[in-house]
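1. quick one, what's the 3D model for this:
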Amino acid sequence: MIRVAILISGSGSNMEALVRSMTGDHPARPVLVLSNVPAAGGLAKAEALDVPVHTVDHRKYPRDRRTFEVELRRNVENMQSDLICLAGFMRILTADFIAGYEGRILNIHPSLLPKYRGLDTHARALAAGDAEHGCTVHEVTADLDDGPILGQARLPIEPGDTPESLAARLLPLEHRLYPAVLRRVADGNREPLYL
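-> Numbering: from 1, shown residues only. Modelled structure (predicted):
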């Protein structure tokens, strides 16, 4: 069985989709939901789904990312996690942390990478006049939103779309794509999946 730690910072909707997918003959199981925000809504969702939760509040480590990441690593390793899924985890991990889990950290990003790395992806796609938008699951590397693509889902941008409406329409695709890619990776398949 592949043991999965899921890192969140907010409501945890992608975390919930991942957890709900890991049942039956799925080769992975969630063993930890970890947040850097003590009040993150996703923690209560994880507890309701019987997944162990923990918090490592980044604000307790001002200007000390190394110690923050030591605490993250300690929690992930305490649960003997094989894979880490970033699901709305809003902290940039250092190259040292990532190197310790090379090839074992996944992330979902709300754009069709390599377009629009970083923040404000929906607004940037609209400002560019793009005809379509989407989300990408990728392997995490030391370069921001730049690891190998493991899956993408696309949707057309509609007249009158706003960043908020685009985000709302994209979320159900994220909830389909991320669990599908996780299952493939847990099965040893890293060929990109396109929805």
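
2. what comes up buried for the longest helix along the chain?
-> Criterion DSSP state H: the longest helix present in the chain is helix 163-186. For helix 163-186, the neighbour count (16 or more other CB atoms under 10 Å) marks 166-167, 169-170, 173-175, 177-186 as buried. (Each C-beta comes from the backbone N, C-alpha and C, glycine too.)

3. ranges for the strands of this structure?
-> Secondary structure of the chain (DSSP state E): strands located at 2-8, 28-35, 53-55, 83-86, 105-109, 132-139, 149-156, 193-194.

4. the ones you listed: which one's closest to residue 65?
-> strand 2-8 (14.7 Å; CB to CB).

5. now that closest one: mean pLDDT?
-> Across strand 2-8, the average pLDDT comes to 98.

6. what residues of it count as buried?
-> 2, 4-8.

7. how far does the longest helix of the chain sit from its chain's centre?
-> Helix 163-186 has its C-alpha centroid displaced from the chain centroid by 10 Å (CA atoms, centre = their mean, to the nearest Å).

8. quick check: closest non-adjacent residue to residue 125.
-> Excluding the flanking residues, the one nearest residue 125 by CB to CB, 6 or more residues apart in numbering is residue 133, at 4.6 Å.

9. what pLDDT does that neighbour get?
-> Predicted confidence (pLDDT) for residue 133: 98.

10. pretty sure residue 90 sits against residue 9.
-> Yes - the criterion here is CB atoms under 8 Å, and residue 90 meets it with residue 9 at 4.1 Å.

11. who has more neighbours out of those two?
-> residue 9 (17 against 14; other CB atoms under 10 Å).

12. phi, psi of that one?
-> phi -130, psi -10 (degrees, to the nearest 10).

13. show the contacting residues for it.
-> 35-37, 40, 88-91 (CB atoms under 8 Å, 6 or more residues apart in numbering).

14. count of neighbours near residue 127?
-> Residue 127 has 10 nearby residues by other CB under 10 Å.

15. please apply the same query to residue 65.
-> Neighbours around residue 65, by other CB under 10 Å: 16.

16. these two touch, right, it and residue 72?
-> No - judged on CB under 8 Å, residue 65 makes no contact with residue 72 at a distance of 10.0 Å.

17. for the residue nearest to residue 125, what are its contacts?
-> Contacts of residue 133 (CB under 8 Å, 6+ apart): 111-112, 121-122, 125, 154-155, 157, 166, 170.

18. can you redo the residues you listed as TSV with distance to residue 44 and pLDDT?
-> Below are the contacts of residue 133 laid out as TSV (distance: CB to CB, whole Å; pLDDT from 0 to 100):
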residue	distance to residue 44	pLDDT
111	29	98
112	32	98
121	27	97
122	26	97
125	32	97
154	32	98
155	30	97
157	34	98
166	27	97
170	24	98
